[in-house]
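Enquirer: Please work out how this folds:
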Amino acid sequence: MSKDANDEEKSLFLRYVLANYGEQLHLAKSENKPTKINVDYPLLNEYYYKQTGKEFLTFGYEKFLKYVENRINNGRTDHNHITLKLVEIPPNVLLHDLDTSYNGELISSKAMIKTITDPIPALKQAAFICQGCGMMHYIDTADSNQVVMPSLCPSCGNRNFKMVPESSTFHNIRWVKLEEPLEYRQGGNTREFKGYMQDYLASPQHNLKAGDVCDILGTFNVERTSPDKNDFEFLIKLHNIAPVDDAFEDYRITESDKEKIRELSQSEGIYQKLVDTLAPEIYGYDTVKEGLLLQLFEGNRPLNDNFKSDSMDRWTIHVLLIGDPGIGKSQIISALKKRAPKIMSIGGTSTSQAGLTVSAVKDELTGTWTLEAGAVVLADTGLLCVDEYDKLNPHTQKSLNEPMEQLSVSSAKANLVQTMTARTSILAVANPKYSRFNKFKTIKEQIDIPESNLSRFDLVFALEDNINPDKDRMLATSLLNKESFMKDVDVLDEDLFKKYVTYAKMECFPVLDQPAQKLLVDFYVNTRRAAARDDSAKPITARDLKAIERLTIARAKTELREVATIDDAKAALRIYSASLETIGLTPETAGELEHVWSNNEIKLVKEAEDMIKILIDRDEMFYEDILVDVRHKIGLRCHEMKCDLDDIMNEARKNVENGF
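Expert: Coordinates of the predicted model:
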């Protein structure tokens, strides 16, 4: 293409931008700060094809963008520069497919930010002064990895130069590590790529953080790791990187898929078919499967701000499975990994707090510290399965309190303060302390999970290995004839199941009708009233009511209904009550999970306090001997009232020592 023809194509782009983005340009200029304007690629490309018969990207888009930016930024500085970025370019490659065959090509894909540096200054134009005559020389360095000093001064012939930083021009750059989002990983594996961005993308105005799933567009290159070495690496020079508002894989769902999903939602028995599809290879545990299915569908996320809500009212559903060894807990996780749209699985024995939430790592390129997203952040908007949850240390378990309730992870490490989104549902799987669960003992006696963390689970199921000849015969038959057993179960295709769940989370937002609301209100009031009449009861709290509301909404979403009815509320109450029953609790005693004190426990704590204070006043015994004596006396009362002696003594001792 000739120079004149190329200029004509550039002018065509300028006219298009002025005609279609004139108002945005006017607003950007009036704000007097660095601004980005997104140019819709499909519309631009359609325009260019009609005018020239060619695709826009065939013209060398970077030169065209730079040409138009120079024209609209005439006289503007880096403080108020307007940047144009192409958006909505269809993905043309998955990250795990990138190799040397893509060298020099423009790629469009989805990626998750693993780490990202703060803005770093880099030379855009280096200024050198001739040491002989004082003449200034300027060298453009924006597209080079190294600064090349002038070789000869044309004015005096001198070869001695000195760089002048105060006369040089700098711009922002940022380095980023990109990896495959969870829903695109094959076999759980991922690859990591280094990305480089500059100017507006690297400015503080462009908000990016570890854990964000983004649309990326850039040039994929093979480059030397350093000028003096023959080692090479992959590098993506980013033209645009923008967080995805909806973290779902919505573009994978075609209009045909949507029509089929809507049709399925109207079919008879769709709810049971979804339950059966969740884990058809596992016999039994029907109510547990229902709870896990509702966990996938979740409650209602905020509509107005695409997951960016500061509301404390969470929509994620957390489930804890406590089970005897060898009864299929890990198989349940394996089944979910096949069918959940977005899922990450980790083991409690090999996971630290940093690996679970966020860690500070030193960037090998810049030597600066950056924050690296942990599992609960990487699984944002999806499901995180934690096997052997009881093997996490208590401090690590407590670190999940914030993401489980606030849907975020706050970090202040290596002088880096940041809050990352973690809108993640947690499925925790744990073993009881003594290998077998005993519903006649309190849950605190049988599992190593802090109460503050335990209380954040919406559903807690204990899976017991009870001896039942009929059930054992059915289980053994299903295990030995798994293929024929699965053929008899009516299930959805795994890919269709994923799309069904994804579509429901994207498009379905049921509201409780009046009968459903009344049922839940009556349940809450009546349960607490009944608990008040029993001195040993531990009543449910508002947190339990919100959990049941989320389950009710999730039940309606399984059938893509706009209204959650009284039948949905009844189903939620049935699943909630059944989960309590497995751990030896009822709605009247569900406060056990949140360490709500019963009237009997309050009385015993007061009795223990009074005994300690009386013995202290007598001054006849050492303090530790006093505690031993009181423990012996109060222990008989604890046994009669079925209260935990350690809890009573710890609370009484703490109150006495704090002067309560």
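Enquirer: per-residue pLDDT, S101?
Expert: As predicted, S101 sits at a pLDDT of 91.
Enquirer: again with the one 5 residues further on
Expert: Per-residue confidence for L106 comes out at a pLDDT of 87.
Enquirer: number of nearby residues for it?
Expert: The number of residues packed near L106 is 17, by other C-beta atoms under 10 Å. To be clear about C-beta, it is placed using only N, CA and C from the backbone, and glycine gets the same treatment.
Enquirer: Am I right that it is in contact with N221?
Expert: No. L106 lies out of contact with N221 (C-beta atoms under 8 Å); the separation is 10.9 Å.
Enquirer: if I pick L580, what's in contact with it?
Expert: Counting by C-beta atoms under 8 Å, 6 or more residues apart in numbering, L580 makes contact with V460, T586, P587, T589, A590.
Enquirer: quick one: which of these is nearest to I614?
Expert: Distances from I614 to the contacts of L580, taken as C-beta to C-beta, are shortest for T589 (32.3 Å).
Enquirer: Could you list the domains of the chain?
Expert: The chain breaks down into these domains under automatic domain parsing: 3-87, 95-243, 251-594, 599-657.
Enquirer: ok, and which of those domains has the densest surroundings?
Expert: Most buried of the domains of the chain, by mean neighbour count (mean count of other C-beta atoms under 10 Å): domain 251-594, with a mean of 18.
Enquirer: Pick out the residue closest to the middle of this protein.
Expert: Taking C-alpha atoms, centre = their mean, the centroid of the chain lies closest to D380, which sits 1.4 Å from it.
Enquirer: That one contacts S408, correct?
Expert: No. Using C-beta under 8 Å, D380 is not in contact with S408, being 9.8 Å away.
Enquirer: overlap in contacts of these two?
Expert: Taking C-beta under 8 Å, 6+ apart as the contact rule, D380 and S408 both touch T421, A422.
Enquirer: did I read that right, T83 in a strand?
Expert: Yes. Counting by DSSP: H, G, I helix; E, B strand; the rest coil, T83 is found in a strand.
Enquirer: ok, for it, nearest residue in space, not its chain neighbours?
Expert: The shortest distance from T83 to any non-neighbouring residue, by C-beta to C-beta, 6 or more residues apart in numbering, is to Y200 (4.0 Å).
Enquirer: do the same with W315
Expert: In space, and not counting its chain neighbours, W315 is closest to G299: 3.8 Å by C-beta to C-beta, 6+ apart.
Enquirer: rewinding a little: closest one of the contacts of L580 to N655?
Expert: Nearest member of the contacts of L580 to N655, counting by C-beta to C-beta, is T589, at 23.9 Å.
Enquirer: does G157 sit in a helix, a strand or a coil?
Expert: Applying three-state DSSP: G157 is coil.
Enquirer: ok, and the closest non-adjacent residue to it?
Expert: Counting by C-beta to C-beta, 6+ apart, G157 lies nearest to G132, which is 7.6 Å off, once chain neighbours are set aside.
Enquirer: you'd agree the one you found is in a helix?
Expert: No. Under three-state DSSP, G132 sits outside any helix and is assigned coil.
Enquirer: Quick check, pLDDT for it.
Expert: If you check G132, the pLDDT there is 87.
Enquirer: Now the phi/psi pair for it, please.
Expert: The phi/psi pair for G132 (degrees, to the nearest 10) reads phi -90, psi -50.
Enquirer: what sits against it?
Expert: If you count contacts by C-beta under 8 Å, 6+ apart, then G132 has C153, C156, G157, N158, N160 around it.
Enquirer: Which residues are in contact with the spatially closest residue to the first one that is not a sequence neighbour?
Expert: Counting by C-beta to C-beta, 6+ apart, the nearest residue to C153 once its immediate chain neighbours are dropped is C130, at 4.3 Å. C130 makes contact with M136, H137, P150, C153, S155, C156, N158, N160, F161, according to C-beta under 8 Å, 6+ apart.
Enquirer: Give the helix, strand or coil label for the second one.
Expert: When states are read from three-state DSSP, the local structure at H137 comes out as strand.
Enquirer: next one: the fourth one
Expert: Using three-state DSSP, the secondary structure recorded for C153 is coil.
Enquirer: Distance of it relative to F128?
Expert: The gap separating C153 from F128 is 9 Å, by C-beta to C-beta, to the nearest Å.
Enquirer: And for the second one?
Expert: When distance is defined by C-beta to C-beta, H137 is 5 Å away from F128.
Enquirer: overlap in contacts of those two?
Expert: With C-beta under 8 Å, 6+ apart as the test, H137 and F128 both reach P150, F161.
Enquirer: could you list every residue that touches the closest residue to D231 other than its chain neighbours?
Expert: Taking C-beta to C-beta, 6+ apart as the measure, D231 lies nearest to T225, with 4.5 Å between them; neighbours along the chain are not counted. Counting by C-beta under 8 Å, 6+ apart, T225 makes contact with D231, F232, E233.
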